[in-house]
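Undergrad: my questions concern the predicted model and sequence given below.
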Amino acid sequence: MGKSEADARSGFAKFLKLGEASMRIVEYVLCSPDPVTPKELVENLGLSEGTVWNALSRLSKAGFLISTGRGEYKANQGYILAMILLVLVELYERRGRGSERRLPKGES
């Protein structure tokens, strides 16, 4: 396993352990066309400032979010996409090992 694959596996394990507030923040930031501020998250998600700041710190350290340096955060889309693709590949490989899928007659 290469370093990038190990990093993606580690990141996905962290993602699965995120609490509800962190998941809501990741979802909000992913759906936002522009970087978001902690104030925006507090106002739009109804979370406390402390919860938002703690989650932003954890999410940034884990690689899910990137601080723009202007007090704004954006999603680390490449990292998140790598985790999703890794999981899809693993699911595909597991499914293939279990049994050979056969298409009904007449389908190719």
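TA: Okay, I see it. Residues are numbered from 1 along each chain as shown.
Undergrad: from here on, just use CA atoms for contacts and neighbour counts.
TA: Fine.
Undergrad: what about the helices in this structure?
TA: 3-16, 20-31, 38-45, 49-62, 77-98 (DSSP state H).
Undergrad: got the ones you listed as TSV, with mean neighbour count, mean pLDDT and distance to Thr68 columns?
TA: Converted to TSV, the helices of the chain look like this (neighbours: other Cα atoms under 10 Å; pLDDT from 0 to 100; distance: least, Cα to Cα, whole Å):
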stretch	mean neighbour count	mean pLDDT	distance to Thr68
helix 3-16	14	71	21
helix 20-31	17	95	13
helix 38-45	15	98	12
helix 49-62	16	95	11
helix 77-98	13	82	14
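Undergrad: of all those, which lies closest to Arg70?
TA: The closest of the helices of the chain to Arg70 is helix 38-45. By Cα to Cα, the value is 11.2 Å.
Undergrad: the closest residue in space to Asp34 that isn't next to it in sequence: neighbour count?
TA: With Cα to Cα, 6 or more residues apart in numbering as the criterion, Asp34 has its nearest non-adjacent residue at 7.3 Å, and that residue is Lys74. Lys74 has 22 neighbouring residues, counting by other Cα atoms under 10 Å.
Undergrad: and the helices of the chain as TSV, adding distance to Gly69?
TA: Shown next, in TSV, are the helices of the chain (distance: least, Cα to Cα, whole Å):
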stretch	distance to Gly69
helix 3-16	23
helix 20-31	16
helix 38-45	13
helix 49-62	12
helix 77-98	17
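Undergrad: contacting residues for the residue nearest to the spatial centre of the chain?
TA: What sits nearest the mean C-alpha location of the chain, by Cα atoms, centre = their mean, is Ile80, with 4.2 Å. Counting by Cα atoms under 8 Å, 6 or more residues apart in numbering, Ile80 touches Phe64.
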